[in-house]
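>>> 3D model of this:
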Amino acid sequence: MQINIKATDLELTPALKEFIDEKVGDLERLVKNSGSDTVGQGKENPVEAFVEVARTTNHHKKGDVFSAEIQVTLPGAEGIVVKAEEWDVHRAINKARDDMKDRLKSHKDKKRSKFFDSAAAWKRISRIDPLARFRGEK
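Next comes the predicted model:
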């Protein structure tokens, strides 16, 4: 997974970059097991994560307010976007990561249930009544 980081009104220190890489890189195992990789081509998974951290101020909140936005683009699906605002940049990143984890799990479960629903439907269609089976003469 390739992680692109953008900082707005905030200095991107090496420690913050390492923190983002660690936390967002943890999502790779969910993406890898979702079945959205390129099968049979021997290529890497073309999944990208765009992370934007920013310092914002809203009129109803006092002091610094940090926001974190994570967008994960999966092949064959639209991008999944989550946003979080907290008083600490690390808490905002953690909250956005947890929300993205939940969204990726639901995307994975939805994809899996569609597969199993179609497999069950195919099994029902292909089932043949024992009386209708052809009996060859011996």
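>>> Please point out which parts of the longest helix along the chain sit buried.
When the chain is parsed with DSSP state H, its longest helix is helix 89-126. Neighbour counts over helix 89-126 (16 or more other CB atoms under 10 Å) mark 89, 92-97, 99-100, 103-104, 107-108 as buried. All C-beta spots, glycine's among them, are computed from the backbone N, C-alpha and C.
>>> now, which of those residues sits nearest residue 30?
Nearest to residue 30 among the buried residues of helix 89-126 is residue 104, at 4.5 Å by CB to CB.
>>> so that closest one makes contact with residue 73?
No - between residue 104 and residue 73 there is no contact under CB atoms under 8 Å: 12.0 Å.
>>> can you list residues touching both of these two?
Common contacts of residue 104 and residue 73, defined by CB atoms under 8 Å, 6 or more residues apart in numbering, comprise residue 80.
>>> quick one: the most centrally placed residue in the chain from residue 6, how far?
Nearest to the mean C-alpha position of the chain, by CA atoms, centre = their mean, lies residue 104 at 3.7 Å. Taking CB to CB, to the nearest Å as the measure, residue 104 and residue 6 are separated by 21 Å.
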